[in-house]
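*Asks:* Here is a sequence together with a model predicted from it:
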Amino acid sequence: MIKAINAVLFCTSLAGVVGVYALKYSVEDIAADKAALERKIDIQQGELSLLQADWSYLNQPAHVAPIVARHQEALNLLPTSQEQFGRIDALPMRPAAPDTAALDALLSALDSGIDPIEQLIEAN
Amino acid sequence: MALLTYDDVTISLDGGRKRRANLTKARIRWVIAALVLVFAVVSGRLIQLGATVSDSAIEGVARDVITATRPTLLDRNGLEMAVDIRVPSLFAEPRRIVDVEEAVAKLRTVLPDLDEDWLRKRLTGDKGFVWVKRELTPAIKEKIFQLGVPGLDFVTESKRFYPSGQEAAHILGAVNIDNQGTMGIEKHMDDEDLALLQSVGLARGNALKPVDLAIDLRVQHVLYEQLVDSLSRYKAIAAAGVMMDVQTGEILALASLPDFDPNDPSTLFMDYNGVKNQRFNRITSGIYELGSTFKTVTMAGALDSGRVKITDQYDARFGVRFGRFTIDDFHGKHRVLSVPEIYKYSSNIGTIKVMQQMGKDEFRSFLSRIGFDKSVPFELPEMRQPKVPAKFSEIVAATSSFGHGLSISPLHMVRAVAAFVNDGKMVPPTLYKRSPEEARKLYDPVISSQTSQQVRYLMRLNALEGSGSRMNKYANGYRAGGKTGTAEKVVGKTYSANKTLAVFSSAFPLDNPRYAMVILVDEPQNENPQSGHTAGWNAGEITGRIVQRVAPMLGISPDFSEVLDTELVPAALR
């Protein structure tokens, strides 16, 4: 009876020892992985901070303005003047109904071979 | 146990059972002793491990402090104004360096600007840690790695980087190599709480929330660009400007030239055109006699006192005599002038009479009410006390009414103008974002709403018909108005006629005031032979060009309808 118990206890402790060792090594592996990942994150965060700094530098008005100045002539760029601003309420309202009489007149003029728009262009 | 001995034979009286029990007890004692010993060894080792202090300090500074980060600074639209970048710093462990000469020679191939003797001395010895060069680029780090010199290694440090370069130098300030703020808003943040956070090691990683500033980088850029332009256009020795939201007190832009590069703070101490100490912040730590632009203050005070009405007329035919001195007008009309005319023609005589009508002591107490005798509560640590005499004599009161004999900072002026147009409610300026609700709690009424209306009319009138018309030519449609000031500078002991300080304090759009601005040009010259050197020609034009550029950015659309201007005219004058 005692022998059997001893045998069982011995086996259990053996299994325990093996288990603890396996756990220890797997923990060490994971710790190494974690350290490697942390190093990688650290490097990437460093790179990211540089890229972010780059991005904000490129977006600065101080950086964009000289580019605008360089291409001012080629692209015909000028600061917006006050007269170039309009308002929605300054636009004329759409006519309530299409001007059928004018349209008929235009179409009949075109039918008879006169293009009023062409005449307008030529007159200018 | 032996009790009896008989014929050399020991007769044992103990039974076999007792003997076995004794043996077992002895064994148990040995086992306990062995276990105690083993545990003593284990706990001894634990204590030993626990007592080891790992030396993480770098030349007396904790590693955490060196790698401490600062919060990102954002402008009001979320554009970065200051960011932390992670950079490698090179250090050496001299006790691990085998061949100093080889290390020195190899290092100097990558970093040729290091002094050879200094480097040799640095790398010799038995020290565990010495800095070689801090804040390098990743490319140089890679090159040094490839040298394969033992005993050299890198620490990643946080370095402050200002993407906007010089444009917002005086707002941002600078940090030292240990990432501690030394000037500007950086120093202010440290003085507040950041230093505490860093000292307890909390300011690490991405834990810090970005800080929103009130600055609008687009407006800041336009202001800066115009000020840079003014230095060459008017051959001025210095220029400065500040723009403030009149409702919230937020500073949208603040620049002062000559300036420095916050990415290289040592440039602050460089001479400018051979003159020392020129790169200070003229908006907060420069105090000036602001000249005629001060008449806005005098008018606001006088109209608010109730003793002067906008319809009053004053005799400006003759100069005002004080003993030996006679104060006369620059653009003299020499006739009876109404209050709006005094302002429009910038009459010194008229302004003195207006001030005298108000009373010099009441005028002095009005200056206290708008905070002209104390420094402005503001985040930037660079501040200088204004110089305003505690009690006005007749003559000092007279000169003060048109801005001579007392010195205030341009920040005082912009805060006062903002209050005058914002229904008389004064709000302290700030560099941090502030909502209108928060601002309203800080409102301090300095003049009445009715006086505010009248001051707005005067400012707009001056833009339409007076010295601000050159400004209005550029800012046409944005309902801007303001007052010029051409103050003669004191050279030696007397005022100099050709060395002047040109100031323009303004606000726009005056039908619904949102922004106040003060522009300052130091010793401007004529742009061309046809132009003048008074403030309207330089500070005024700069203001106009700035308003023209920034008003659309700030959501103010041009409106040319004259009804807006006629609505500004007080009922008594219609």
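*Replies:* That came in fine, so what should we check first?
*Asks:* end to end, how far does stretch B:522-537 reach?
*Replies:* 13 Å (CA to CA, to the nearest Å).
*Asks:* list the buried ones in that stretch?
*Replies:* B:522-524, B:527, B:533-537 (16 or more other CB atoms under 10 Å in any protein chain shown). In short, each C-beta sits where N, CA and C put it, glycine included.
*Asks:* Please pull out the lowest mean pLDDT helix or strand from chain A.
*Replies:* Within chain A, no helix or strand scores below helix A:116-123, which has a mean of 80 by mean pLDDT, DSSP states H and E.
*Asks:* For that helix, which outside residues touch it?
*Replies:* A:106, A:109 (CB atoms under 8 Å, 6 or more residues apart in numbering or on different chains).
*Asks:* in it, what's buried?
*Replies:* Residues of helix A:116-123 include none that count as buried (16+ other CB under 10 Å).
*Asks:* Next, the nearest residue to residue B:174 once chain neighbours are set aside: phi, psi?
*Replies:* Of all residues not flanking residue B:174 in the chain, residue B:265 sits nearest, at 3.7 Å (CB to CB, 6 or more residues apart in numbering or on different chains). As for residue B:265, its main-chain torsions (degrees, to the nearest 10) stand at phi -60, psi -20.
*Asks:* as a whole number, average confidence for whichever strand or helix holds residue B:132?
*Replies:* For residue B:132, the host element (DSSP states H and E) is strand B:130-133. Averaged across strand B:130-133, pLDDT comes to 85.
*Asks:* Which ones among the buried residues of stretch B:522-537 lie within strands?
*Replies:* Of the buried residues of stretch B:522-537, the ones assigned to strands by DSSP state E are residue B:522.
*Asks:* re earlier: quick one: the residue nearest to residue B:174 and residue B:182 touch, right?
*Replies:* Yes - applying CB atoms under 8 Å as the test, residue B:265 and residue B:182 come out as touching, 6.7 Å apart.
*Asks:* What ranges does the stretch 201-350 of chain B have for its strands?
*Replies:* B:211-212, B:238-245, B:251-257, B:313-315, B:320-322, B:325-327, B:336-338 (DSSP state E, counting those that start in this stretch).
*Asks:* Angles on the backbone of the spatially most central residue of chain A, please.
*Replies:* Against the mean C-alpha coordinate of chain A, by CA atoms, centre = their mean, the closest residue is residue A:55 at 12.4 Å. Backbone geometry at residue A:55, expressed as degrees, to the nearest 10, gives phi -60, psi -50.
*Asks:* Can you report how many residues lie near residue B:478?
*Replies:* 24 (other CB atoms under 10 Å in any protein chain shown).
*Asks:* Give me the pLDDT value at it.
*Replies:* So, for residue B:478, pLDDT stands at 92.
*Asks:* Now it: closest residue in space, sequence neighbours ignored.
*Replies:* residue B:551 (4.5 Å).
*Asks:* Would you confirm that the one you found belongs to a strand?
*Replies:* No - checked against DSSP: H, G, I helix; E, B strand; the rest coil, residue B:551 lies outside a strand; its state is helix.
*Asks:* and the longest strand along chain B, which strands flank it?
*Replies:* Looking across chain B with DSSP E, the single longest strand is strand B:494-508. Under the criterion DSSP bridges, strand B:494-508 sits next to strand B:481-491 (antiparallel), strand B:515-522 (antiparallel) in its sheet.
*Asks:* could you dump these to JSON lines with mean pLDDT?
*Replies:* Converted to JSON lines, the strands paired with strand B:494-508 look like this (pLDDT from 0 to 100):
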{"stretch": "strand B:481-491", "mean pLDDT": "89"}
{"stretch": "strand B:515-522", "mean pLDDT": "94"}
